[in-house]
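> I would like to see how this sequence folds:
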Amino acid sequence: MLLGVSDCDKSGSKKALRKIEFDHSVLDKDGMLNSEVAVDYEFCIPKDESKVAEVKAIEPDVNMPAMAKGRIGCSKDEYLCIVSTKDDSWKEKLYAIASLPYVRRIIQTYYE
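Numbers count the residues shown, from 1 in each chain. Predicted structure coming up:
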């Protein structure tokens, strides 16, 4: 079990699941789309080191590009966080992130 992730978080509460604004049901158990490619997703968190530590405890490989706003439009008081589904515990991590009270939305990342 992930650090700080309760059984309720793992199953995904309805409120938390509503924050996930991309179709993650199309991903296989390894987090791959069509067994070929992982999906990246993004969300914003407050610029608070305790919140950063909480997210990194769930997903140590979170990417937090400096000064980026992402498609999600993080404010100057927020960090953009990008996570890949390429992980056998991707769903548990996604649900744990969605259950964080300060994460408002999670969308798929599209690179240009």
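> just the helices in the protein please.
Secondary structure of the chain (DSSP state H): helices located at 7-11, 14-19, 49-58, 90-98.
> which of those helices sits most buried?
Highest mean neighbour count among the helices of the chain (mean count of other CB atoms under 10 Å): helix 90-98, with a mean of 23. For every residue, glycine as well, the C-beta is placed using N, CA and C.
> mind giving me the packing neighbours of that one?
Here helix 90-98 touches helix 7-11, helix 14-19, helix 49-58, strand 78-84, going by 3 or more CB pairs under 8 Å, 6 or more residues apart in numbering; DSSP states H and E.
> and these, which one's lowest on average pLDDT?
The minimum mean pLDDT among the helices and strands packed on helix 90-98 belongs to helix 7-11 (a mean of 44).
> so which of the helices of the chain gets nearest residue 71?
With respect to residue 71, and counting by CB to CB, the nearest of those is helix 14-19 at 15.4 Å.
> which residues touch that closest one?
9, 95, 98-99, 103-106 (CB atoms under 8 Å, 6 or more residues apart in numbering).
> and what of stretch 21-29?
The contact list for stretch 21-29 (CB under 8 Å, 6+ apart) reads 33, 35, 39, 41, 85, 88, 90-91, 94, 105-108.
> again with stretch 104-112
Here stretch 104-112 makes contact (CB under 8 Å, 6+ apart) with 19-22, 39-44, 70-72, 82, 94, 97-98.
> quick one: end-to-end length of it, please.
Separation of the first and last residues of stretch 104-112 by CA to CA, to the nearest Å is 24 Å.
> equivalent analysis for stretch 62-79, please.
Counting by CA to CA, you get 11 Å between the two ends of stretch 62-79.
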